[in-house]
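Enquirer: return a 3D structure for these sequence lines:
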Amino acid sequence: MTEIKFVTVDGAKLGYCEIGTGEPIVMFTRLRGTIDTWDPAFSNALADGYRVIIVDYPGVGYSDGTLAAYMVAVAATMAEFARAIGVEKFHLVSWSWGGALAQTFIAKYPDLIKRAVLIGTNPPGHVEHAMREDWFQLALKPVNDLADEKVLFFEPAYEESMAAAVASHNRIYAREGVTERIPSRMEEFKLFFEAARKFHEDEEGVREALKRSDVPMLILCGDNDPSTPVDNWFPLVRKIPRAQLLILPRTGHGPQHQFPQLSADYIHVFLKAAL
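Expert: Model prediction:
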């Protein structure tokens with residue numbers, strides 16, 4: 001188990017860990033995600049040549065405080081977190097709810113970002129393709145087991161995806177205490193939901209900000225994501241000056257957990273490439 005470190009930001013003690021050395025990568029995780037729920041095969045592969053920094057949001061996982069129900073406020077906390085640990089500029093790798101946070105961060109703090117990776121996430125504003133209701137109901141269970149994860153993060157129609165689900169689950173839960181730190185109460189869920197609702201209302205103008213952004217972005221999606229369908233990116237991606245869209249086949253909401261090494265390899269190429 002990687003050592004958990006702590007730093008105080010805005011009066012709250014935030015938990016984080018670091019893997020590897022090199023240029024810094026900060027990771028923003030999914031709804032209900034914690035430091036421990038990233039697949040270690042992905043984070044370790046990502047750390048090959050990089051200093052990967054994984055942080056828990058306020059009130060989540062190892063962190064004290066309360067999660068703000070507003071992406072702009074969480075983004076401000078994450079900016080202060082980076083400064084508190086001495087990181088002036090970094091690559092950003094994000095997933096799902098964390099991808100929405102990352103887009104808000106790009107809009108508000110572009111000078112802190114070198115390049116950004118958005119995994120399994122929706123763009124801001126109105127989206128045409130909605131989350132599947134059965135997926136949402138599973139996501140609300142206090143504790144998700146392997147059977148749930150196969151639907152939540154993988155693609156049940158394909159045997160190879162189901163095998164990847166088992167392997168990923170076993171890697172994640174080889175650690176102790178993972179389930180105990182995952183938010184499990186409706187009052188906690190509602191904070192995530194309210195922040196996501198405001199993100200899609202987009203009063204902050206994040207969608208328009210992305211169209212003007214000079215930050216290079218890699219948008220990495222599964223081809224059959226029941227939560228954040230890749231189709232939602234098609235109207236926008238051509239309008240973002242430095243965005244690339246990569247779709248992995250026979251894959252659901254967690255392409256980096258189904259293909260941890262391949263996803264890390266794609267990200268490495270993107271981070272190093274002359275664009």
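
Enquirer: all helices in this protein, in order from the N-terminus.
Expert: For the chain, the helices defined by DSSP state H occupy 40-46, 71-84, 97-108, 133-139, 146-152, 159-172, 186-201, 206-212, 234-237, 255-258, 260-272.

Enquirer: packing partners for the first one?
Expert: The helices and strands touching helix 40-46, judged by 3 or more Cβ pairs under 8 Å, 6 or more residues apart in numbering; DSSP states H and E, are strand 12-19, strand 50-55, helix 159-172, helix 260-272. (Each C-beta comes from the backbone N, C-alpha and C, glycine too.)

Enquirer: give me the sheet partners of the second one and which way each runs.
Expert: It stands for strand 50-55. Applying DSSP bridges, strand 50-55 is found paired with strand 12-19 (antiparallel), strand 23-28 (parallel).

Enquirer: how big is the angle separating that strand from helix 71-84?
Expert: Between the axes of strand 50-55 and helix 71-84, defined by axes from the mean of the first three to the mean of the last three Cα atoms, to 10 degrees, the angle is 130 degrees.

Enquirer: between strand 50-55 and helix 260-272, how big is the angle?
Expert: 110 degrees.

Enquirer: count the neighbours of P183 for me.
Expert: With neighbours defined by other Cβ atoms under 10 Å, the count for P183 comes to 20.

Enquirer: now do the contacts for it.
Expert: R32, V60, F189, F192 (Cβ atoms under 8 Å, 6 or more residues apart in numbering).

Enquirer: pretty sure E160 contacts P249?
Expert: No - E160 is not in contact with P249 according to Cβ atoms under 8 Å; the separation is 10.2 Å.

Enquirer: what residues does stretch 268-275 touch?
Expert: By Cβ under 8 Å, 6+ apart, stretch 268-275 touches 23, 25, 46, 48-50, 91, 114-115, 117, 216, 218, 242, 244.
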